[in-house]
Structure formats: C-alpha cells, structure tokens
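[1] What follows is a predicted protein model with its sequence.
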Amino acid sequence: MASPIATISKRVSGGEELIVVKRRDFEQFRKWQKEVQDILAKVKRGRAEYRNGKIIAASSPKRFR
C-alpha cells in the first residue's frame, strides 16, 4: 500500500525535515517522555542523596514495612 505524498514548503518547515505521525502515536510518545523525565529526576535525586550519605542500609525489605 503506497502512502500518499504531500509537499511542504521550505518556508513552512524553516528548512528542517518534517515527519507526520498519528496523534495517538504522538500522545503515547509524549506520555512515555514524561515518564522517562520523572524517572531520571528520581535517579538524579537518589544519586545525590547517596553521595551525601543520606541513605538507609537495610538487610531486608521487611525493615520498611
């Protein structure tokens, strides 16, 4: 199945390459991107706490209950 081709003026794109994706796919990508940013922020905070010695050494996860 051939995809329809559309020409976009360089003035509109500013000379950059453009891609077209379905809105659903774009929304999924944005959600994933936000989750990754959240995870990276938590990892960064955890590493800073580890560097500063603000950690809890536990021999078992039961200690946190």
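    Okay, I see it.
[2] all helices of this structure, in order?
    Applying DSSP state H to the chain gives helices spanning 10-13, 23-51.
[3] Using CSV, list the CA coordinates for the least confident helix or strand in the chain by mean pLDDT.
    Taking mean pLDDT, DSSP states H and E as the measure, the helices and strands of the chain show their lowest mean at helix 10-13, namely a mean of 82. This file holds the C-alpha atoms of helix 10-13, laid out as CSV (Å, rounded to 0.1, in the frame of the first residue of the first chain):
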residue,chain,number,x,y,z
LYS,A,10,10.6,25.1,3.0
ARG,A,11,9.2,28.4,4.3
VAL,A,12,6.7,26.4,6.4
SER,A,13,9.3,24.0,7.7
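[4] Can you give the distance from it to the centre of its chain?
    Computed by Cα atoms, centre = their mean, to the nearest Å, the chain-centroid distance of helix 10-13 equals 28 Å.
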